[in-house]
Structure formats: structure tokens, C-alpha cells
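Fold the following, please.
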Amino acid sequence: MEKLNNIPHKFLFYVGFFIVLIFLSLSYWQFTSFQDDKITLNEFKNNNISSSISISDLYSNNNQNVFEFNKVVIKNSKNFTKISDWYLRSRVNNGQNGFHLITLYKESNNDKYLLVNNGWVPLDKNVNKTFPKEEILFVGRLMKYDQQTFGQDDISNSEYLFRIDKDFIESETNVILPNYYLTLTEACGGGVECINLEEPYDAPHLSYALQWLFFASCLIIVILRKNRII
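Presented below is the predicted three-dimensional model:
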């Protein structure tokens, strides 16, 4: 402790190591994201047999075929009517920026709803004006809703979303959503490209993790050498 009190660059030592902790946290976050992507991809590959379920199954969550990543076919898809659309921001497809088209459907003659990720659309498309109307099939993967993240709050009455947040969409629409939403994998509609969940965009999480770890290591060396500890 006495040696720490006598170091020549106290400010660099304490502030520098605080920044090092931030770099290490960022590295850990990117590494866990890399691991999550690998786990998700394995789940997709292990569940490739389609299960036929009803919208009631999604609400009850008691059916053995209702779980995350399961490939399903929603029964009676022709009985659904579209309620509203949103664009999910900053989605990449084959190296191009765009959006995911999120649509809320209502099943006829009851108060049950289905939230669907239709797929990718380019930045310059307007779903209400330029997409040809084609029948879609409710065939895809069941997905858990996203969680709120710091600094990206969805805006009320906007046509854009940062994430598929169940609580936010329910508050916007005054409906009760089922326990999972559906990401389409077949017949996603005119002008909409289905998302390739089996071979998704490979985000460079591992590279970023190594990058932040390198920055932390370099800063540690600078701090210790400046303070004549090494």
C-alpha cells in the first residue's frame, strides 16, 4: 500500500485501471455474444422437423412443441388479418443494410394475436406503397422476445423499433401477445427476403472480444511502466 501511495502517476494508475475494467467488460460481452450465437445456431440445426400448432398453443405454452427455436407451422393462417407494421432497425442481409419487417396479425373471431418477423427489406422500401401483396405462409421459428438495452429506447407512435420488445409493443397496441413471436422462413411475401437462420450473418464478436482484450493489455503495460512497477 505504501508503494502505491508513492507512485509518480497516481491519476494514470487509478483512472487507467478503471478504463482497463471497462475494456475487459466489453471483451467479455463480445465473447458471450459469440458463444450465444453458436448455441443458437446449434439449436436451429437440431430442430428441423416442422410441428403444426395453433395460436392457442402459443398462448398456453403447455404444448410440447412450443419452445424457442422450434420450427412450426401455424394452423389456419388464412384466418389472420394484419393490424400494423414496424421496421426493426439496422439489420444486415448479404452485406446490405436494411430493416426487418415486423407485423402484428389478429386471428379472426377472437382476441388472439401473432407477432411475425416477416424478413429483411432494403432501406428504400415502403411496405405500404411498394411491396406487392402476396400470400405468406406462417412457417418459421419460434423466438423469444428481446430485452431492453441501455441507450436504445423505442419511441412511442413510431414505425421503427430497436428491438422486438413484448412489453413495448403490448403498450403500443393494447393487446396481449403470445409467449413467442414467429420468424418466417418460407414464403415471406413480395419484396421481403426470408432470413436465413441456419446460416445467419456472422457478426465479428470474437474479433471484437480479442480487440478489447488487446487494448486492455496495452493499457496495463503503459500504466505499470509509467509508474515504474515493471
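
and the closest residue to S156 other than its chain neighbours, helix, strand or coil?
Nearest residue to S156, sequence neighbours excluded (Cβ to Cβ, 6 or more residues apart in numbering): E172, at 6.5 Å. The way it works is simple: take the backbone N, C-alpha and C, and place the C-beta from them, glycine included. Here E172 is helix, with the state taken from DSSP: H, G, I helix; E, B strand; the rest coil.

Now do the contacts for Q211.
S27 (Cβ atoms under 8 Å, 6 or more residues apart in numbering).

wait, N65
By Cβ under 8 Å, 6+ apart, the neighbours of N65 are S51, I53, D57, V72.

Could I get the pLDDT score of the residue nearest to S156?
Note on E172: pLDDT of 91.

Helix, strand, or coil at L219?
Under three-state DSSP, L219 falls in the helix class.

Which helix or strand contains the residue nearest to it when sequence neighbours are not counted?
Spatial nearest neighbour of L219, excluding adjacent residues (Cβ to Cβ, 6+ apart): V20 at 5.4 Å. In this structure, V20 sits in helix 10-46 according to DSSP states H and E.

now do R228
Remark: R228 resides in no helix or strand, with elements defined by DSSP H and E.

quick revisit: mind checking how far the residue nearest to S156 is from L115?
Distance, E172 to L115, by Cβ to Cβ, to the nearest Å: 11 Å.

hey, C-alpha coordinates of stretch 72-86 in CSV?
Output of stretch 72-86 as CSV, limited to C-alpha atoms (Å, rounded to 0.1, in the frame of the first residue of the first chain):
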residue,chain,number,x,y,z
VAL,A,72,-43.5,-24.7,-36.6
VAL,A,73,-46.5,-24.2,-38.9
ILE,A,74,-49.3,-22.1,-37.6
LYS,A,75,-52.7,-23.6,-38.3
ASN,A,76,-55.4,-21.6,-40.1
SER,A,77,-53.1,-18.9,-41.4
LYS,A,78,-55.8,-17.6,-43.8
ASN,A,79,-57.8,-16.6,-40.7
PHE,A,80,-55.4,-13.8,-39.7
THR,A,81,-55.7,-10.2,-40.6
LYS,A,82,-52.9,-7.6,-40.5
ILE,A,83,-53.1,-5.0,-37.7
SER,A,84,-49.9,-2.9,-38.0
ASP,A,85,-46.3,-2.9,-39.2
TRP,A,86,-42.9,-1.8,-37.9
